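Participant: Give the three-dimensional model of this entry:
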Amino acid sequence: MSEPGALQQGLVVAGHGRHCWVEGADGVRRLCHPRGKKNLAVVGDRVLWQPAPGQGQEGSIEQVLPRRNLLYRQDELRTKSFAANLDQVLILIAAEPVFSESQLARALIAAEAAQIRPLIVLNKSDLAEPFARAWERLLPYRTMKDPDAPGEPGEGGAPRYPVLALSLTTQPPEAVRALLMPYLEGRTTLVLGPSGAGKSTLVNLLVPGARALTGEVSQALNSGKHTTTSTSWYWVDGGGDGARRTALIDSPGFQEFGLQHIAPMQLAACMPDIAAHAGACKFHNCSHLHEPGCGVLQAVGRAGPDGISPSRYKIYKDLFAELSRRRY
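Facilitator: This next block holds a predicted model:
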């Protein structure tokens, strides 16, 4: 047992405003307050915390330990951090309402920039016609190859993005678990997606008691009724000494996903289908917009997995223009 006042390591498992819920090495979760005026800790951070004298199950965060990665979005006004030290981000979209391909691409680009493995899951496969249209729109992602895999584009290799389909409301829970657990087991996965895609339903299905735990955290953080307005960490398994544990992080839905933290010339490297052809460009500093001898422009509209879909190239052009605007 640690001495009173001694610094201890902990894991940030929830946050609201300036307060965090920290899980200690003993598995107990405590309400912690940051030192100073600003809370720089996010869910997934490993921190050094100190019990507060005479405050029972409370403490203070003294230091945020170095991160492996951080997934965040940034617009011209603010930066919003999702979570840190991730192995994977599960981007959940739905066949209905119609998902935004631009928002999907932005989330994937942010994950690529942070070097976090993405997984795409399409919900509501029970809606035959909307699902067929959504599945077809996902064709460029289902056939996209990893540009770092051996061979030329179109010659096989590992897919860059696993794309799965499910129905959270009609499939038996055990079928959903059987589909997803091979991708989730032993990893820390952030569940990300627009409002209404089914993120909380997915978490509640995979984590028995998640709803009750969420209520306890919300009450402790004085955040009122929980509608996933804050990010929360859940253990999917109990793990054990030396065992790799499986964790899900639920996050609030988003309608906008700014990428102002990414430089325009960095964009191509964060889009695997663009990056796969960028090496064939005549100029090393090619923007892939108008230059002669551009390998990317030559691949736009080409049929098959060795081409670039017009919709994906339009996203690239629009984002390049957006990121090129000067910020005042």
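
Participant: which residues of the stretch 51-200 of the chain fall in strands?
Facilitator: Ranges of strands in the stretch 51-200 of the chain, per DSSP state E, counting those that start in this stretch, are 58-64, 70-74, 79-84, 88-94, 117-123, 163-165, 188-192.

Participant: Name the residues that touch the shortest one?
Facilitator: Counting by Cβ atoms under 8 Å, 6 or more residues apart in numbering, strand 163-165 makes contact with 119-122, 125, 131, 135, 138, 141-142, 179-180, 183, all of which sit outside it. Where C-beta positions appear, they are placed from N, C-alpha and C, glycine not excepted.

Participant: That one: how far from the chain's middle?
Facilitator: Relative to its parent chain, strand 163-165 has a centroid offset of 16 Å by Cα atoms, centre = their mean, to the nearest Å.

Participant: One more: the second one?
Facilitator: Distance, stretch centre to chain centre, for strand 70-74: 9 Å (Cα atoms, centre = their mean).

Participant: How about the first one?
Facilitator: For strand 58-64, the separation from the chain centroid amounts to 26 Å (computed by Cα atoms, centre = their mean).

Participant: That one packs against which elements?
Facilitator: Judged by 3 or more Cβ pairs under 8 Å, 6 or more residues apart in numbering; DSSP states H and E, strand 58-64 is in contact with strand 19-24, strand 29-34, strand 46-51.

Participant: Redo those strands as JSON lines? Include mean neighbour count.
Facilitator: JSON lines is the format used below for these (neighbours: other Cβ atoms under 10 Å):
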{"stretch": "strand 19-24", "mean neighbour count": "22"}
{"stretch": "strand 29-34", "mean neighbour count": "20"}
{"stretch": "strand 46-51", "mean neighbour count": "20"}
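
Participant: Turn those strands into CSV, columns for distance to His277.
Facilitator: Conversion of the helices and strands packed on strand 58-64 to CSV gives the following (distance: least, Cβ to Cβ, whole Å):
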stretch, distance to His277
strand 19-24, 44
strand 29-34, 46
strand 46-51, 39
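
Participant: could you dump the ones you listed to TSV with mean pLDDT and distance to Ala158?
Facilitator: Output for the helices and strands packed on strand 58-64, formatted as TSV (pLDDT from 0 to 100; distance: least, Cβ to Cβ, whole Å):
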stretch	mean pLDDT	distance to Ala158
strand 19-24	91	35
strand 29-34	90	38
strand 46-51	94	31
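
Participant: With Gly307 as the reference, name the closest of these.
Facilitator: Closest of these to Gly307 is strand 46-51, at 43.1 Å (criterion: Cβ to Cβ).

Participant: Could you pull out the helices in the protein for me?
Facilitator: Applying DSSP state H to the chain gives helices spanning 101-113, 128-137, 139-142, 173-184, 199-206, 210-220, 272-278, 295-299, 310-324.

Participant: Of all the strands of the stretch 51-200 of the chain, which one is nearest Arg302?
Facilitator: Of all these, strand 163-165 comes closest under Cβ to Cβ, at 20.8 Å.

Participant: what is the mean pLDDT for the closest one?
Facilitator: Mean pLDDT, computed over strand 163-165, is 98.
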